[in-house]
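J.: Curious how this folds, go ahead:
(2 chains)
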Amino acid sequence: MNAARMGGLAGKILRVDLGRQKISTEDTWKVARNFLGGRAVNSYLLLEEMDPATKFSDPENMLIFGVGCLVGTLAPGACRVSVETKSAFSNGKGSANFGGHFGPELKYAGFDHVVITGRSKEPVYLWIHDGEAEIRDAASLWGRTTGETEAFLRRDLGDSRVQVASIGPAGERGVRGSIVFSNPGKAAGGSGVGFVMGSKRLKAIAVRGHGAVRVAAPERFMAAVNKALAMVQASPYAEGWRKGIIEGKFLPHSPAWDFFTSVRNGQDDHWPLEKRAKLAGLESGVPRYKKRMAACFGCPVGCLPYSEIGEGKYKGTKGVGYWINSATYSTKLDLDEPEASLRFHLMLNELGLDGDMCSTSLAWAFECFEKGLLSKKDCDGLELLWGDGEAILAMEKKLAFREGIGDFLADGVKESARKLGKGSDSFAIHMKGQDSADPCRAAKGWGFGVSISPVGGRHLRGAVSAPEVTGPRGLPWSPTGYENIPEAVFWQSQTKEIEDMAGLCIFVGTWSGVHALEVSDYADLISSALGIEWTEEELMRIGLRAVNLEKAFNTLHAGFDRKDDYPPRRYMEEPIQTGPQAGARCDRERWDEMLDRFYQLNGWDRETGWQTEKGLKNLGLEEVAEKLKKAGRLK
Amino acid sequence: MELLMDSKVCNACRICELACSFHHQGVFAPHESSVKVSADFKEGKIQLSIDDTCDLCPREPQPLCVQYCLPGALKKEEAYERR
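T.: Numbering: from 1, shown residues only, chains lettered A, B, ... in the order given. You can find the predicted model right below:
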């Protein structure tokens, strides 16, 4: 069977060599037959085609956009795009994911994946439309923010329905924590994917398609869609999320604050109620600036607040976005001023900066200032005082433009601490080399999922928060305990791979959020769309295959092993200081037990964390085993 | 009867475009939809429009775009601004 006769897929992979200015296409199905679409296809291409000796900043580094196999259909929340590359923080697996309207438009233009290699001599953008692609001059775009870039391209191309994914000034200037941004307010945030795009001098991808996505069995597919939509509507969480994540889940009295905030660079994980009320209260906090809600393509929830500040010193601040993460960025910097916090978040998007990296690097610098390790002179005359909105916003801009102290911080907190020395590495919060904004000490399933994440210190690759909204249903575990956490994280790491193959938003799926659809629903949607039967068990197996592609890349390209699957030192050595979770930390012995069990579940070697020949053969990944064997990194 | 729409309530999920194109063509193709949503998210502006190809889905109890519009921005009622 080929892609042209199947449903779901657009059918073509677009290859763009920016160095040679060459464009070609190939059939998606030759890879999708084993890995369905989205992330797993990206991961396969990266592992197959990249030389481990290639560095993240080399022109040979690949930057791959992959749209899930359900994207562009009525499957709820099917809009996601996975972005893979060699991580700018580690040379290991670089991976990020974004929603919005870009992915479906790429499918309507005829492409499932865009594989970008080489480096252009001059700034360019890629214009993809109805089966064709052109590399175009971007001299007049270079230097613009992401919002300006989208507006310019829509005006220049004469079509308000053109969708754009772009980098901001941070990506142009080689800040490692740079994002690829696309509206409404969505960022492919981790791994420095925006750094890699900037290193190729690719400012943006603009896309417009007038084609269609077909499904193989329309009646069955629509029955599956209607069932899925009814499940979303019936979710007790849907109404809250439709108000925006802060109003839906993170109002000041919510107990979630004591599990998902990190305060003053992780000196504590508890923030007093009066500060929460000032930042996130309905009447006085960030929610008061919400003007309307927005949605990603095909989403039956629509969890995205559009906000505007109409008065005061931050007048004119506007845009889509403010999530729990945004509140976390504020607590890390002890910032309770809602206007400055909202501006900080929306400027991340405009400047093309990753909020996790920016807040973590800034929080480390503020702690250095507090401890006397950085002076006012070192900080270009700024006093880095916790909670000072003006200083925080000034530092955000300096980081994005690599100005002064911003240049010092731009390679990430691990590198900053190495350069500064003076013991500052003891409070540099990173995993697998990447700055991490995630707290780990109170919620153990969250901390464990973050620490084993193949992309380093991020929470979307297996982290579980509470058993009612994450992990396999029926498995007993507690947010603060260690029991059954490896099992829950093992399951969630696979379901996330399936969601990224399909392009489904995890908020309507098996993870936190509305938490409506189950893997059996994915099987029904994917089978009827593609016209090939997939059972729940087969999907979980392909999810595990995809996990193993990423693991192998990290072993071969970054040399990661067991030692790289632990939380930052601070979270193991310093307990939470105050609040209801005071005393909690990541216990090293319990972590060792969890890792032993997690590796066993995955079929990996306990001592090294490496993959095993037996485990890979069981998954039909003999070629991967061969690569690892040749490198002497297979058990 | 005609289709009435409230762009203030619309969140630009574009599910209406998917439902409409499926009604017309049996495929998912926003370009083929009678209803179209344009969004400038940076400015918080969302616009809805409808063209002459809309047949109000005669075999359905309600037009599909109305059935599938979860925010309730599309109606076959008089209370909304006319197209």
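J.: and the residue nearest to residue A:432 when sequence neighbours are not counted, which of the three is it?
T.: Distances taken as Cβ to Cβ, 6 or more residues apart in numbering or on different chains place residue A:456 nearest to residue A:432, at 3.0 Å, with adjacent residues excluded. Heads up, the C-betas are built off the backbone N, CA and C, glycines and all. At residue A:456, secondary structure determined by DSSP: H, G, I helix; E, B strand; the rest coil is coil.
J.: mind listing what residue A:456 touches?
T.: A:87, A:89-90, A:92, A:190-191, A:430-434, A:436 (Cβ atoms under 8 Å, 6 or more residues apart in numbering or on different chains).
J.: Distance-wise, check it relative to residue A:430.
T.: 7 Å (Cβ to Cβ, to the nearest Å).
J.: which residues do the two both contact?
T.: Common neighbours of residue A:456 and residue A:430 (criterion: Cβ under 8 Å, 6+ apart): A:89, A:436.
J.: so how far is residue A:390 from residue A:377?
T.: For residue A:377 relative to residue A:390 (Cβ to Cβ), the value is 18 Å.
J.: Compare those two and say which one has the larger neighbour count.
T.: residue A:390 (12 against 9; other Cβ atoms under 10 Å in any protein chain shown).
J.: Just give the number of residues close to residue 51.
T.: The chain I'm using is chain A. 9.
J.: hmm, I had chain B in mind actually
T.: By the criterion of other Cβ under 10 Å, residue B:51 has 10 neighbours.
J.: That one against residue B:32, yeah?
T.: No - in this structure residue B:51 lies outside contact range of residue B:32 using Cβ atoms under 8 Å: 10.8 Å.
J.: show me where chain B has strands.
T.: B:4-5, B:35-40, B:45-50, B:74-75 (DSSP state E).
J.: Check whether the second one comes into contact with chain A.
T.: Yes - counting by Cβ under 8 Å from any Cβ of the partner chain, chain A has neighbours in strand B:35-40: B:36, B:38-40.
J.: got a pLDDT number for the closest residue to residue A:575 other than its chain neighbours?
T.: Excluding the flanking residues, the one nearest residue A:575 by Cβ to Cβ, 6+ apart is residue A:585, at 4.1 Å. Looking at residue A:585, its pLDDT stands at 98.
J.: Need the residues that contact the longest helix anywhere in chain B.
T.: Selection of the longest helix in chain B by residue count, based on DSSP state H, yields helix B:15-25. Here helix B:15-25 makes contact (Cβ under 8 Å, 6+ apart) with A:73-74, A:212, A:218, A:222, A:298-300, B:27-37, B:53-54, B:57, B:60, B:64-65, B:67-70, B:74.
J.: what sits against residue B:41?
T.: A:183-185, A:294, A:306, A:319-320, B:12.
J.: change it to 10 Å
T.: Contact partners of residue B:41, counting by Cβ atoms under 10 Å, 6 or more residues apart in numbering or on different chains, are A:100-101, A:147, A:150, A:182-186, A:294-295, A:304, A:306, A:318-321, B:12.
J.: just residue A:447 next, same as before
T.: A:438-441, A:459, A:463, A:485, A:489, A:567, A:571-572, A:584-586, A:591, A:594.
J.: do you know how far residue A:291 is from residue A:71?
T.: With Cβ to Cβ as the criterion, residue A:291 and residue A:71 are 28 Å apart.
J.: Pick out whichever of the two has more residues nearby.
T.: With neighbours defined as other Cβ under 10 Å, residue A:291 and residue A:71 compare such that residue A:71 has more, 34 against 11.
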